[in-house]
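1. quick one, what's the 3D model for this:
(one chain, ligands or ions: 1)
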Amino acid sequence: MAKKVSTKKASKKKLWGGRFKVATDKLVEELNASISFDSRLYAHDIRGSIAHAAVLKKAGVLTEAERKKIVSGLNKVEREIGAGTVALTSDLEDIHMAVESRLTELIGPLGGKLHTGRSRNDQVALDIRLYLKDEIYQVVGLLHELRCTLVEVAEENIDTVMPGYTHLQRAQPILMAHHLLAYFEMFGRDVDRLLDCLERVDIMPLGSGALAGSPYNLDRKLAAKLLGFSAITENSLDGVGSRDFTLEFLSVASIIMANVSRLAEELILWSSQEFGFIELSDAFTTGSSIMPQKKNPDIAELARGKTGRVYGNLVALLTTMKALPLAYNKDMQEDKEPLFDSIDTVKGILKVFSPMLRSMRVNTDAMERAAARGFLNATDAADYLVERGLPFREAHGVTGRIVAWCIEKNRTLEEMETKEWQSFSPLFKSDVKKAISISRSLNARKVHGGTARSTVSARLKKIKAGLRGAK
Ligand code: ARG
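-> Below is the predicted model:
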(Lines give C-alpha, C1' and ligand atoms only; values in the text may rest on other atoms or scores of the structure.)
Protein backbone atom coordinates (compact mmCIF):
# COMPACT_ATOMS: atom_id res chain seq x y z
CA MET A 1 0.00 0.00 0.00
CA ALA A 2 1.19 3.49 -0.85
CA LYS A 3 2.56 5.58 1.99
CA LYS A 4 -0.17 7.63 3.63
CA VAL A 5 0.06 11.40 3.32
CA SER A 6 -0.32 12.98 6.70
CA THR A 7 -2.17 16.26 6.83
CA LYS A 8 -0.86 16.82 10.35
CA LYS A 9 1.23 19.87 9.50
CA ALA A 10 -1.76 21.72 8.15
CA SER A 11 -3.87 20.72 11.09
CA LYS A 12 -1.41 21.38 13.91
CA LYS A 13 -3.30 24.61 14.28
CA LYS A 14 -6.98 23.69 14.15
CA LEU A 15 -8.94 25.18 11.29
CA TRP A 16 -11.03 26.87 13.97
CA GLY A 17 -8.05 27.52 16.25
CA GLY A 18 -7.89 31.36 15.99
CA ARG A 19 -9.46 32.21 19.33
CA PHE A 20 -7.75 29.40 21.27
CA LYS A 21 -4.53 29.89 23.26
CA VAL A 22 -4.13 26.37 24.64
CA ALA A 23 -3.99 23.25 22.49
CA THR A 24 -6.91 20.82 22.64
CA ASP A 25 -6.51 18.13 25.27
CA LYS A 26 -5.71 14.80 23.63
CA LEU A 27 -8.65 13.07 25.32
CA VAL A 28 -10.99 15.79 24.09
CA GLU A 29 -9.64 15.45 20.59
CA GLU A 30 -10.40 11.73 20.60
CA LEU A 31 -13.88 12.10 22.04
CA ASN A 32 -14.81 15.05 19.88
CA ALA A 33 -13.73 13.50 16.59
CA SER A 34 -16.23 11.87 14.26
CA ILE A 35 -13.78 11.08 11.49
CA SER A 36 -13.54 7.39 12.38
CA PHE A 37 -17.12 6.97 11.19
CA ASP A 38 -18.04 10.00 9.09
CA SER A 39 -15.16 9.33 6.67
CA ARG A 40 -17.64 7.13 4.82
CA LEU A 41 -19.26 10.39 3.67
CA TYR A 42 -16.14 11.64 1.89
CA ALA A 43 -17.45 11.28 -1.67
CA HIS A 44 -20.72 13.00 -0.78
CA ASP A 45 -18.86 15.75 1.05
CA ILE A 46 -16.73 16.38 -2.02
CA ARG A 47 -19.75 16.35 -4.35
CA GLY A 48 -21.31 19.00 -2.11
CA SER A 49 -18.14 21.07 -2.16
CA ILE A 50 -17.92 20.97 -5.95
CA ALA A 51 -21.49 22.29 -6.16
CA HIS A 52 -20.74 24.94 -3.53
CA ALA A 53 -17.74 26.09 -5.57
CA ALA A 54 -20.04 26.62 -8.58
CA VAL A 55 -22.43 28.61 -6.41
CA LEU A 56 -19.55 30.73 -5.02
CA LYS A 57 -18.41 31.42 -8.57
CA LYS A 58 -21.91 32.58 -9.49
CA ALA A 59 -21.98 34.77 -6.36
CA GLY A 60 -18.73 36.41 -7.49
CA VAL A 61 -16.69 35.01 -4.60
CA LEU A 62 -14.55 32.79 -6.81
CA THR A 63 -13.24 33.39 -10.32
CA GLU A 64 -13.72 30.64 -12.88
CA ALA A 65 -10.01 29.85 -12.70
CA GLU A 66 -10.21 29.51 -8.93
CA ARG A 67 -13.29 27.31 -9.16
CA LYS A 68 -11.55 25.02 -11.63
CA LYS A 69 -8.47 24.75 -9.44
CA ILE A 70 -10.63 23.92 -6.42
CA VAL A 71 -12.60 21.29 -8.35
CA SER A 72 -9.53 19.55 -9.68
CA GLY A 73 -8.02 19.64 -6.18
CA LEU A 74 -11.21 18.13 -4.72
CA ASN A 75 -11.19 15.40 -7.35
CA LYS A 76 -7.64 14.57 -6.38
CA VAL A 77 -8.57 14.46 -2.68
CA GLU A 78 -11.41 12.09 -3.54
CA ARG A 79 -9.08 9.78 -5.43
CA GLU A 80 -6.56 9.85 -2.59
CA ILE A 81 -9.11 9.11 0.12
CA GLY A 82 -10.63 6.39 -2.07
CA ALA A 83 -7.20 4.81 -2.45
CA GLY A 84 -6.64 5.05 1.30
CA THR A 85 -3.54 7.19 0.99
CA VAL A 86 -4.66 10.04 3.26
CA ALA A 87 -4.25 9.48 6.99
CA LEU A 88 -7.65 10.28 8.47
CA THR A 89 -6.59 10.91 12.06
CA SER A 90 -8.69 12.26 14.89
CA ASP A 91 -6.79 15.54 15.10
CA LEU A 92 -8.59 16.37 11.84
CA GLU A 93 -11.86 16.02 13.76
CA ASP A 94 -14.25 15.18 10.95
CA ILE A 95 -14.40 14.43 7.24
CA HIS A 96 -15.34 18.01 6.36
CA MET A 97 -12.15 19.37 7.91
CA ALA A 98 -10.06 16.50 6.59
CA VAL A 99 -11.10 17.26 3.02
CA GLU A 100 -10.50 20.99 3.44
CA SER A 101 -7.17 20.45 5.07
CA ARG A 102 -5.92 18.08 2.36
CA LEU A 103 -7.26 20.41 -0.34
CA THR A 104 -5.35 23.31 1.16
CA GLU A 105 -2.19 21.22 1.19
CA LEU A 106 -2.68 20.46 -2.48
CA ILE A 107 -3.73 23.87 -3.84
CA GLY A 108 -2.58 26.33 -1.16
CA PRO A 109 -4.60 29.07 0.61
CA LEU A 110 -7.23 29.01 -2.15
CA GLY A 111 -8.49 25.80 -0.46
CA GLY A 112 -9.56 27.94 2.48
CA LYS A 113 -11.76 30.09 0.24
CA LEU A 114 -14.11 27.17 -0.37
CA HIS A 115 -15.65 27.45 3.08
CA THR A 116 -16.93 30.98 2.36
CA GLY A 117 -20.64 31.26 3.14
CA ARG A 118 -20.88 27.73 4.46
CA SER A 119 -20.62 25.96 7.80
CA ARG A 120 -19.96 22.39 8.76
CA ASN A 121 -23.50 22.29 10.07
CA ASP A 122 -24.56 22.95 6.48
CA GLN A 123 -22.17 20.34 5.19
CA VAL A 124 -23.10 17.53 7.51
CA ALA A 125 -26.83 18.06 6.90
CA LEU A 126 -26.16 18.00 3.16
CA ASP A 127 -23.86 14.97 3.26
CA ILE A 128 -26.31 12.81 5.20
CA ARG A 129 -29.10 13.67 2.79
CA LEU A 130 -26.95 12.91 -0.25
CA TYR A 131 -25.75 9.66 1.28
CA LEU A 132 -29.20 8.60 2.43
CA LYS A 133 -30.68 9.22 -1.00
CA ASP A 134 -28.14 6.84 -2.56
CA GLU A 135 -28.72 4.25 0.12
CA ILE A 136 -32.51 4.40 -0.11
CA TYR A 137 -32.27 3.50 -3.79
CA GLN A 138 -30.01 0.59 -2.92
CA VAL A 139 -32.37 -0.75 -0.26
CA VAL A 140 -35.28 -0.38 -2.68
CA GLY A 141 -33.27 -2.41 -5.22
CA LEU A 142 -32.62 -5.17 -2.69
CA LEU A 143 -36.27 -5.31 -1.68
CA HIS A 144 -37.19 -5.54 -5.35
CA GLU A 145 -34.84 -8.48 -5.76
CA LEU A 146 -36.28 -10.21 -2.72
CA ARG A 147 -39.80 -9.70 -4.04
CA CYS A 148 -38.78 -11.22 -7.39
CA THR A 149 -37.39 -14.22 -5.53
CA LEU A 150 -40.62 -14.64 -3.57
CA VAL A 151 -42.53 -14.63 -6.84
CA GLU A 152 -40.21 -17.26 -8.33
CA VAL A 153 -40.50 -19.58 -5.33
CA ALA A 154 -44.26 -18.98 -5.22
CA GLU A 155 -44.55 -19.99 -8.88
CA GLU A 156 -42.61 -23.18 -8.20
CA ASN A 157 -45.02 -23.92 -5.36
CA ILE A 158 -48.32 -23.00 -6.91
CA ASP A 159 -49.54 -26.55 -6.21
CA THR A 160 -47.94 -26.99 -2.81
CA VAL A 161 -50.60 -27.20 -0.12
CA MET A 162 -49.69 -26.38 3.45
CA PRO A 163 -51.48 -25.66 6.67
CA GLY A 164 -52.23 -21.99 7.24
CA TYR A 165 -51.92 -20.98 10.88
CA THR A 166 -53.45 -18.65 13.39
CA HIS A 167 -52.03 -18.67 16.93
CA LEU A 168 -49.49 -21.07 15.39
CA GLN A 169 -52.27 -23.69 15.42
CA ARG A 170 -53.24 -25.35 12.15
CA ALA A 171 -56.19 -23.38 10.87
CA GLN A 172 -57.09 -23.81 7.19
CA PRO A 173 -55.28 -25.23 4.17
CA ILE A 174 -53.54 -22.68 1.96
CA LEU A 175 -51.16 -22.71 -0.98
CA MET A 176 -47.52 -22.17 -0.15
CA ALA A 177 -47.51 -19.69 -3.02
CA HIS A 178 -50.20 -17.71 -1.23
CA HIS A 179 -48.16 -17.70 1.95
CA LEU A 180 -45.03 -16.44 0.18
CA LEU A 181 -46.94 -13.77 -1.68
CA ALA A 182 -48.09 -12.33 1.64
CA TYR A 183 -44.44 -11.32 2.13
CA PHE A 184 -44.36 -9.96 -1.40
CA GLU A 185 -47.13 -7.54 -0.39
CA MET A 186 -45.46 -6.64 2.91
CA PHE A 187 -42.13 -5.84 1.27
CA GLY A 188 -44.01 -3.86 -1.37
CA ARG A 189 -45.31 -1.54 1.32
CA ASP A 190 -41.75 -1.24 2.65
CA VAL A 191 -40.70 0.00 -0.78
CA ASP A 192 -43.57 2.51 -0.75
CA ARG A 193 -42.53 3.70 2.69
CA LEU A 194 -38.92 4.17 1.55
CA LEU A 195 -39.96 6.15 -1.51
CA ASP A 196 -42.25 8.28 0.59
CA CYS A 197 -39.46 8.92 3.09
CA LEU A 198 -37.20 9.82 0.16
CA GLU A 199 -39.40 12.83 -0.59
CA ARG A 200 -38.37 14.37 2.71
CA VAL A 201 -34.72 13.38 2.38
CA ASP A 202 -34.56 14.88 -1.10
CA ILE A 203 -34.39 18.51 0.13
CA MET A 204 -31.19 20.54 -0.12
CA PRO A 205 -30.04 22.42 3.05
CA LEU A 206 -26.86 24.13 1.76
CA GLY A 207 -27.08 27.92 2.23
CA SER A 208 -28.45 27.60 5.77
CA GLY A 209 -25.02 28.62 7.06
CA ALA A 210 -24.36 27.93 10.72
CA LEU A 211 -28.04 28.49 11.53
CA ALA A 212 -29.28 31.85 10.26
CA GLY A 213 -28.61 31.60 6.53
CA SER A 214 -25.62 32.68 4.50
CA PRO A 215 -24.89 36.42 4.00
CA TYR A 216 -23.58 35.70 0.49
CA ASN A 217 -25.78 35.83 -2.56
CA LEU A 218 -25.85 32.05 -2.95
CA ASP A 219 -28.02 30.55 -5.66
CA ARG A 220 -29.37 27.69 -3.57
CA LYS A 221 -31.48 26.37 -6.40
CA LEU A 222 -28.37 26.02 -8.54
CA ALA A 223 -26.77 23.90 -5.79
CA ALA A 224 -29.93 21.77 -5.62
CA LYS A 225 -29.90 21.31 -9.38
CA LEU A 226 -26.22 20.39 -9.51
CA LEU A 227 -26.68 17.88 -6.71
CA GLY A 228 -29.91 16.39 -8.04
CA PHE A 229 -32.24 17.54 -5.27
CA SER A 230 -35.93 18.20 -5.95
CA ALA A 231 -36.30 21.08 -3.49
CA ILE A 232 -34.45 23.36 -1.06
CA THR A 233 -35.12 23.80 2.68
CA GLU A 234 -37.35 26.76 3.56
CA ASN A 235 -35.86 27.63 6.93
CA SER A 236 -32.18 27.74 7.81
CA LEU A 237 -32.66 26.62 11.43
CA ASP A 238 -34.64 23.64 10.21
CA GLY A 239 -32.11 23.03 7.42
CA VAL A 240 -29.19 22.47 9.80
CA GLY A 241 -31.06 21.53 12.96
CA SER A 242 -33.40 18.73 11.90
CA ARG A 243 -32.82 15.02 11.61
CA ASP A 244 -36.42 13.88 11.40
CA PHE A 245 -35.73 12.58 7.90
CA THR A 246 -33.10 10.26 9.39
CA LEU A 247 -35.54 9.20 12.09
CA GLU A 248 -38.06 8.45 9.38
CA PHE A 249 -35.60 6.27 7.53
CA LEU A 250 -34.69 4.46 10.76
CA SER A 251 -38.40 3.84 11.38
CA VAL A 252 -38.82 2.40 7.91
CA ALA A 253 -35.69 0.29 8.41
CA SER A 254 -37.23 -1.02 11.64
CA ILE A 255 -40.44 -1.98 9.88
CA ILE A 256 -38.46 -3.72 7.13
CA MET A 257 -36.65 -5.74 9.79
CA ALA A 258 -39.92 -6.50 11.57
CA ASN A 259 -41.21 -7.98 8.33
CA VAL A 260 -37.97 -9.82 7.56
CA SER A 261 -37.89 -11.23 11.09
CA ARG A 262 -41.29 -12.84 10.57
CA LEU A 263 -40.11 -14.59 7.44
CA ALA A 264 -36.90 -15.53 9.25
CA GLU A 265 -38.89 -17.02 12.11
CA GLU A 266 -40.96 -19.11 9.73
CA LEU A 267 -37.87 -20.43 7.99
CA ILE A 268 -36.48 -21.39 11.39
CA LEU A 269 -39.70 -23.17 12.37
CA TRP A 270 -40.22 -24.80 9.01
CA SER A 271 -36.69 -26.19 8.93
CA SER A 272 -37.02 -27.74 12.39
CA GLN A 273 -37.54 -31.50 12.60
CA GLU A 274 -40.89 -30.83 14.22
CA PHE A 275 -42.16 -29.14 11.05
CA GLY A 276 -39.81 -30.52 8.39
CA PHE A 277 -41.44 -28.33 5.73
CA ILE A 278 -38.19 -27.08 4.21
CA GLU A 279 -34.50 -27.75 4.23
CA LEU A 280 -32.17 -24.79 3.96
CA SER A 281 -29.14 -25.26 1.75
CA ASP A 282 -25.82 -26.16 3.41
CA ALA A 283 -24.52 -22.88 2.00
CA PHE A 284 -26.90 -20.89 4.21
CA THR A 285 -26.67 -22.89 7.42
CA THR A 286 -23.92 -23.74 9.88
CA GLY A 287 -22.94 -26.71 12.01
CA SER A 288 -22.47 -27.20 15.70
CA SER A 289 -18.99 -27.56 17.17
CA ILE A 290 -20.17 -30.38 19.43
CA MET A 291 -23.27 -32.01 17.92
CA PRO A 292 -22.36 -33.56 14.57
CA GLN A 293 -25.97 -33.98 13.44
CA LYS A 294 -26.84 -30.31 13.70
CA LYS A 295 -27.61 -28.01 10.79
CA ASN A 296 -28.53 -24.64 12.20
CA PRO A 297 -30.47 -21.86 10.47
CA ASP A 298 -28.04 -19.22 11.78
CA ILE A 299 -28.63 -16.74 8.99
CA ALA A 300 -32.36 -16.65 9.56
CA GLU A 301 -31.70 -16.44 13.30
CA LEU A 302 -29.31 -13.53 12.76
CA ALA A 303 -31.94 -11.75 10.69
CA ARG A 304 -34.34 -12.20 13.58
CA GLY A 305 -31.69 -11.13 16.10
CA LYS A 306 -30.41 -8.11 14.20
CA THR A 307 -33.94 -6.74 14.14
CA GLY A 308 -33.32 -5.78 17.76
CA ARG A 309 -30.30 -3.67 16.95
CA VAL A 310 -32.11 -1.86 14.13
CA TYR A 311 -34.95 -0.99 16.54
CA GLY A 312 -32.25 0.08 19.01
CA ASN A 313 -30.75 2.48 16.47
CA LEU A 314 -34.13 4.14 16.01
CA VAL A 315 -34.64 4.52 19.74
CA ALA A 316 -31.06 5.79 20.15
CA LEU A 317 -31.54 8.63 17.69
CA LEU A 318 -35.05 9.45 18.91
CA THR A 319 -33.54 9.82 22.37
CA THR A 320 -30.61 11.90 21.11
CA MET A 321 -32.95 14.29 19.32
CA LYS A 322 -35.46 14.54 22.14
CA ALA A 323 -35.74 18.08 23.56
CA LEU A 324 -32.70 19.41 21.67
CA PRO A 325 -32.99 23.18 21.37
CA LEU A 326 -32.67 24.57 17.85
CA ALA A 327 -30.55 24.55 15.83
CA TYR A 328 -27.40 22.40 15.58
CA ASN A 329 -26.03 20.82 18.76
CA LYS A 330 -23.04 18.54 18.98
CA ASP A 331 -25.34 15.81 20.27
CA MET A 332 -26.37 15.47 16.65
CA GLN A 333 -22.97 14.06 15.74
CA GLU A 334 -24.43 10.89 17.29
CA ASP A 335 -26.86 10.59 14.35
CA LYS A 336 -24.45 8.88 12.00
CA GLU A 337 -23.43 5.64 13.70
CA PRO A 338 -26.99 4.38 14.24
CA LEU A 339 -27.86 5.37 10.69
CA PHE A 340 -24.83 3.65 9.17
CA ASP A 341 -25.36 0.58 11.30
CA SER A 342 -29.01 0.23 10.31
CA ILE A 343 -28.19 0.67 6.65
CA ASP A 344 -25.40 -1.92 6.78
CA THR A 345 -27.57 -4.34 8.71
CA VAL A 346 -30.66 -4.05 6.52
CA LYS A 347 -28.60 -4.35 3.33
CA GLY A 348 -26.57 -7.28 4.63
CA ILE A 349 -29.70 -9.19 5.61
CA LEU A 350 -31.70 -8.41 2.48
CA LYS A 351 -28.78 -9.48 0.28
CA VAL A 352 -28.60 -12.94 1.81
CA PHE A 353 -32.33 -13.63 1.88
CA SER A 354 -32.83 -13.98 -1.85
CA PRO A 355 -30.22 -16.71 -2.40
CA MET A 356 -31.24 -18.41 0.86
CA LEU A 357 -34.85 -18.67 -0.32
CA ARG A 358 -33.89 -19.71 -3.84
CA SER A 359 -31.72 -22.54 -2.60
CA MET A 360 -34.07 -24.00 0.03
CA ARG A 361 -35.68 -27.37 -0.63
CA VAL A 362 -39.41 -27.55 -0.11
CA ASN A 363 -40.73 -30.78 1.35
CA THR A 364 -44.15 -30.73 -0.32
CA ASP A 365 -45.14 -34.12 1.12
CA ALA A 366 -44.56 -33.00 4.68
CA MET A 367 -46.54 -29.83 4.10
CA GLU A 368 -49.43 -31.69 2.55
CA ARG A 369 -49.42 -34.31 5.30
CA ALA A 370 -49.60 -31.55 7.87
CA ALA A 371 -52.46 -29.90 5.99
CA ALA A 372 -54.37 -33.19 6.07
CA ARG A 373 -54.14 -33.57 9.84
CA GLY A 374 -55.50 -31.16 12.41
CA PHE A 375 -59.09 -30.70 11.22
CA LEU A 376 -58.18 -27.89 8.86
CA ASN A 377 -61.39 -28.62 6.98
CA ALA A 378 -63.65 -28.18 10.02
CA THR A 379 -64.74 -24.73 8.79
CA ASP A 380 -65.74 -26.36 5.50
CA ALA A 381 -67.94 -28.87 7.33
CA ALA A 382 -69.60 -25.94 9.10
CA ASP A 383 -70.01 -24.11 5.79
CA TYR A 384 -71.64 -27.27 4.37
CA LEU A 385 -74.34 -26.98 7.03
CA VAL A 386 -74.72 -23.25 6.43
CA GLU A 387 -75.31 -23.90 2.73
CA ARG A 388 -78.12 -26.22 3.83
CA GLY A 389 -79.81 -23.58 5.95
CA LEU A 390 -78.27 -23.85 9.41
CA PRO A 391 -77.18 -20.50 10.96
CA PHE A 392 -73.38 -20.36 11.08
CA ARG A 393 -73.17 -20.22 14.89
CA GLU A 394 -75.16 -23.48 15.20
CA ALA A 395 -73.15 -25.08 12.40
CA HIS A 396 -70.00 -24.11 14.29
CA GLY A 397 -71.32 -25.87 17.42
CA VAL A 398 -72.24 -29.06 15.55
CA THR A 399 -68.86 -29.23 13.83
CA GLY A 400 -67.08 -28.57 17.11
CA ARG A 401 -68.83 -31.61 18.61
CA ILE A 402 -67.81 -33.70 15.59
CA VAL A 403 -64.17 -32.65 16.02
CA ALA A 404 -64.28 -33.53 19.72
CA TRP A 405 -65.76 -36.93 18.84
CA CYS A 406 -63.04 -37.56 16.25
CA ILE A 407 -60.28 -36.60 18.69
CA GLU A 408 -61.72 -39.03 21.23
CA LYS A 409 -61.94 -41.81 18.63
CA ASN A 410 -58.61 -40.89 17.03
CA ARG A 411 -60.26 -40.35 13.65
CA THR A 412 -60.09 -37.65 10.97
CA LEU A 413 -63.09 -36.00 9.30
CA GLU A 414 -62.17 -37.73 6.04
CA GLU A 415 -62.46 -41.13 7.71
CA MET A 416 -66.03 -40.59 8.94
CA GLU A 417 -68.90 -42.60 7.50
CA THR A 418 -72.02 -40.81 6.25
CA LYS A 419 -74.02 -42.44 9.04
CA GLU A 420 -71.66 -41.00 11.58
CA TRP A 421 -72.01 -37.52 10.10
CA GLN A 422 -75.77 -37.90 10.21
CA SER A 423 -75.73 -38.78 13.88
CA PHE A 424 -74.64 -35.16 14.46
CA SER A 425 -77.04 -33.54 11.96
CA PRO A 426 -79.56 -34.91 9.47
CA LEU A 427 -78.43 -32.18 7.06
CA PHE A 428 -75.29 -34.16 6.27
CA LYS A 429 -75.54 -36.27 3.09
CA SER A 430 -72.95 -38.51 1.45
CA ASP A 431 -71.57 -35.55 -0.55
CA VAL A 432 -70.10 -34.12 2.65
CA LYS A 433 -66.92 -36.11 1.95
CA LYS A 434 -66.28 -34.15 -1.22
CA ALA A 435 -67.23 -30.88 0.40
CA ILE A 436 -64.54 -31.24 3.03
CA SER A 437 -61.69 -32.32 0.76
CA ILE A 438 -58.61 -30.15 1.09
CA SER A 439 -58.56 -29.12 -2.54
CA ARG A 440 -62.21 -28.10 -2.42
CA SER A 441 -61.63 -26.18 0.78
CA LEU A 442 -58.75 -24.35 -0.80
CA ASN A 443 -60.29 -23.69 -4.17
CA ALA A 444 -63.55 -22.47 -2.67
CA ARG A 445 -61.65 -19.40 -1.47
CA LYS A 446 -61.91 -17.57 -4.74
CA VAL A 447 -62.62 -14.21 -3.14
CA HIS A 448 -60.19 -11.47 -4.21
CA GLY A 449 -57.08 -12.02 -2.09
CA GLY A 450 -58.02 -15.63 -1.21
CA THR A 451 -55.95 -18.80 -1.51
CA ALA A 452 -57.83 -20.54 -4.40
CA ARG A 453 -55.38 -21.71 -7.03
CA SER A 454 -57.08 -19.64 -9.73
CA THR A 455 -56.94 -16.50 -7.56
CA VAL A 456 -53.29 -17.00 -6.65
CA SER A 457 -52.26 -17.66 -10.27
CA ALA A 458 -54.15 -14.57 -11.40
CA ARG A 459 -52.32 -12.53 -8.76
CA LEU A 460 -48.97 -14.02 -9.84
CA LYS A 461 -49.69 -13.13 -13.44
CA LYS A 462 -50.54 -9.58 -12.52
CA ILE A 463 -47.47 -9.24 -10.31
CA LYS A 464 -45.22 -10.52 -13.08
CA ALA A 465 -46.61 -8.03 -15.58
CA GLY A 466 -46.01 -5.27 -13.00
CA LEU A 467 -42.51 -6.42 -12.11
CA ARG A 468 -41.52 -6.45 -15.74
CA GLY A 469 -42.77 -2.87 -15.87
CA ALA A 470 -40.70 -1.98 -12.79
CA LYS A 471 -37.45 -3.35 -14.21
N1 ARG B 1 -18.73 16.39 12.92
C2 ARG B 1 -19.91 17.19 13.06
C3 ARG B 1 -21.15 16.26 13.04
O4 ARG B 1 -21.01 15.18 12.62
C5 ARG B 1 -20.04 18.16 11.94
C6 ARG B 1 -20.73 19.42 12.29
C7 ARG B 1 -20.00 20.12 13.37
N8 ARG B 1 -20.32 21.46 13.51
C9 ARG B 1 -19.79 22.19 14.48
N10 ARG B 1 -20.06 23.42 14.48
N11 ARG B 1 -19.04 21.65 15.38
O12 ARG B 1 -22.23 16.63 13.46
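2. tell me the contacts of the closest residue to the ligand within the stretch 301-450 of the chain?
-> The ligand sits closest to Q333 of the stretch 301-450 of the chain, with a gap of 3.7 Å, by Cβ to the nearest ligand atom. Backbone N, C-alpha and C define where each C-beta goes, glycine included. Taking Cβ atoms under 8 Å, 6 or more residues apart in numbering, we find Q333 in contact with 34, 94, 124.
3. could I get those residues as CSV with secondary structure, pLDDT and neighbour count?
-> Converted to CSV, these look like this (DSSP: H, G, I helix; E, B strand; the rest coil; pLDDT from 0 to 100; neighbours: other Cβ atoms under 10 Å):
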residue, secondary structure, pLDDT, neighbour count
S34, coil, 97, 20
D94, coil, 98, 24
V124, helix, 98, 25
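4. near the ligand, from those?
-> Counting by Cβ under 6 Å from any ligand atom, 34, 94, 124 from those sit close to the ligand.
5. for the last one, which non-adjacent residue is closest in space?
-> What it means is V124. What sits nearest to V124 in space, not counting adjacent residues and going by Cβ to Cβ, 6 or more residues apart in numbering, is H96, at 6.9 Å.
6. isn't the one you found right next to A125, touching?
-> No: taking contacts as Cβ atoms under 8 Å, H96 lies outside contact range of A125: 11.2 Å.
7. for the residue sitting furthest away from the middle of the chain, give me the pLDDT.
-> The C-alpha centroid of the chain is most remote from K419, which lies 56.3 Å away (Cα atoms, centre = their mean). K419 carries a pLDDT score of 96 in this model.
8. just say helix, strand or coil for it.
-> Under DSSP: H, G, I helix; E, B strand; the rest coil, K419 falls in the helix class.
9. before we move on, which element is R47 in?
-> helix 42-58 (DSSP states H and E).
10. for that helix, buried residues please.
-> 42-57 (16 or more other Cβ atoms under 10 Å).
11. ok, and what's touching it?
-> 62-64, 66-67, 70-71, 74-75, 77-78, 81-82, 95-96, 98-99, 113-114, 116-118, 123, 126-127, 130-131, 134, 206-207, 216, 218-220, 222-223, 226-227.
12. redo that, cut-off 7 Å
-> The contact list for helix 42-58 (Cβ atoms under 7 Å, 6 or more residues apart in numbering) reads 62, 64, 67, 70-71, 74, 77-78, 81, 95-96, 99, 114, 116-118, 123, 126-127, 130-131, 206, 218-219, 222-223, 226-227.
13. and the stretch 51-200 of the chain, which residues reach the ligand?
-> So far as Cβ under 6 Å from any ligand atom goes, the stretch 51-200 of the chain lies against the ligand at 94, 120-121, 124.
14. is it possible to get TSV of these that adds distance to F353?
-> Shown next, in TSV, are those (distance: Cβ to Cβ, whole Å):
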residue	distance to F353
D94	35
R120	38
N121	38
V124	33
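15. of those residues, which pair is most distant in space?
-> Based on Cβ to Cβ, the longest span within these runs between D94 and N121 and measures 11.4 Å.
16. and the residue of the stretch 151-300 of the chain closest to the ligand?
-> For the stretch 151-300 of the chain, Cβ to the nearest ligand atom, closest residue to the ligand: A210, 7.0 Å.
17. and of the residues of the stretch 51-200 of the chain next to the ligand, the nearest to V403?
-> Closest to V403, out of all of these and judged by Cβ to Cβ, is V124, at 63.8 Å.
18. any idea how far that closest one is from E415?
-> Per Cβ to Cβ, to the nearest Å, V124 is found 71 Å from E415.
19. cool, D45 as well?
-> Using Cβ to Cβ, one gets 72 Å for the distance from D45 to E415.
20. what of A404?
-> 15 Å.
21. for R120, same thing?
-> From R120 to E415 the distance is 76 Å (Cβ to Cβ).
22. between the two, tell me which one has more neighbours.
-> Between R120 and E415, counting by other Cβ atoms under 10 Å, R120 is the more crowded of the two (21 against 11).
23. residues contacting the residue lying closest to the more buried one once chain neighbours are set aside?
-> In space, and not counting its chain neighbours, R120 is closest to H96: 4.8 Å by Cβ to Cβ, 6+ apart. The contact partners of H96, taken as Cβ under 7 Å, 6+ apart, are 45, 120, 123-124.
24. what of A378?
-> Contacts of A378 (Cβ under 7 Å, 6+ apart): 399, 403, 413.
25. hmm, try it at 6 Å
-> A378 makes contact with 399, 403, according to Cβ atoms under 6 Å, 6 or more residues apart in numbering.
26. go on, I158?
-> A177.
27. run the angle between the helix or strand hosting L150 and helix 42-58 for me.
-> For L150, the element it lies in under DSSP H and E is helix 120-156. Using axes from the mean of the first three to the mean of the last three Cα atoms, to 10 degrees, the inter-axis angle of helix 120-156 relative to helix 42-58 is 130 degrees.
28. tell me the pLDDT at the residue nearest to H178 when sequence neighbours are not counted?
-> In space, and not counting its chain neighbours, H178 is closest to T451: 4.3 Å by Cβ to Cβ, 6+ apart. pLDDT for T451: 98.
29. S6 now?
-> 65.
30. and for E156?
-> 98.
31. number of nearby residues for it?
-> So E156, with other Cβ under 10 Å, has 14 neighbours.
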